[in-house]
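[1] give me a 3D structure for the following:
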Amino acid sequence: MPFTSDAELDLLFPSDQIPAFVRKQLPAELHIRPLASTDYRRGHLSVLSVLTVVTDPGEDAWRAQFEALRAAPRTYYGIVIVDKASDRIVAVGTVFIERKFLRGLGSVGHIEDIAVDKSQQGKKLGLRIIQALTGISENSGCYKTILNCSDSNIPFYEKCGFQKKENEMAKYAPTDRPQTPRL
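    Numbers count the residues shown, from 1 in each chain. Reported below is the predicted structural model:
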């Protein structure tokens with residue numbers, strides 16, 4: 001499959017919101033861009049599966065989720081790194097912007113779902129995803145960018161400029177209820 005340029009894609013947000021310095025640090029055979037409406041076919045879910053169990057909802061449901069994200073402009077910024085030779089996704093990540101009432105109606109960027117295909121790990125792609133998402137967060141006016149990670153990933157995120165602060169608490173919904181929202 002030949003490489004598909006940004007101009008040929010239906011993107012989640014304008015690609016110029018990804019900091020130029022991140023693009024310049026990628027090897028020539030890789031390209032970073034916003035998530036596209038056709039990325040289901042480029043292996044988006046397969047890359048996410050390095051994080052946890054990923055249930056494949058099918059392309060139509062994936063596309064509906066993409067459209068739901070796009071329906072909240074200036075909120076969701078999903079990005080991917082694509083291998084140009086195969087036009088396949090090799091790394092992903094998202095930052096979503098939370099608008100707050102405190103800090104003078106400030107905003108916080110929440111980084112989520114950072115994943116790099118096992119065949120591409122060790123090439124600083126995770127770092128590039130984090131740099132791009134942090135740049136998007138800061139350029140969106142966020143006063144801070146935060147993320148949750150396992151203890152084993154703390155050293156990686158410290159190398160990305162993050163510092164350990166506070167604690168995460170979680171309460172999972174009962175497993176006997178539907179996991180997808182009702183429309």
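
[2] can you give me the helices for this structure?
    Along the chain, counting by DSSP state H, helices occupy 20-25, 44-48, 59-70, 102-105, 125-139, 154-159.

[3] so how far is the fifth one off the chain centroid?
    Read it as helix 125-139. Distance, stretch centre to chain centre, for helix 125-139: 9 Å (Cα atoms, centre = their mean, to the nearest Å).

[4] rewinding a little: most tightly surrounded among the helices of the chain?
    helix 125-139 (a mean of 22; mean count of other Cβ atoms under 10 Å). Heads up, the C-betas are built off the backbone N, CA and C, glycines and all.

[5] what helices or strands is that one leaning on?
    Applying 3 or more Cβ pairs under 8 Å, 6 or more residues apart in numbering; DSSP states H and E, one finds that helix 125-139 contacts helix 20-25, strand 30-34, strand 76-83, strand 88-99, strand 107-116, strand 144-147, helix 154-159.

[6] nearest to residue 50, out of those?
    The closest of the helices and strands packed on helix 125-139 to residue 50 is strand 107-116. By Cβ to Cβ, the value is 4.9 Å.

[7] buried ones in that closest one?
    For strand 107-116, the neighbour count (16 or more other Cβ atoms under 10 Å) marks 107, 108, 109, 110, 111, 114, 115, 116 as buried.
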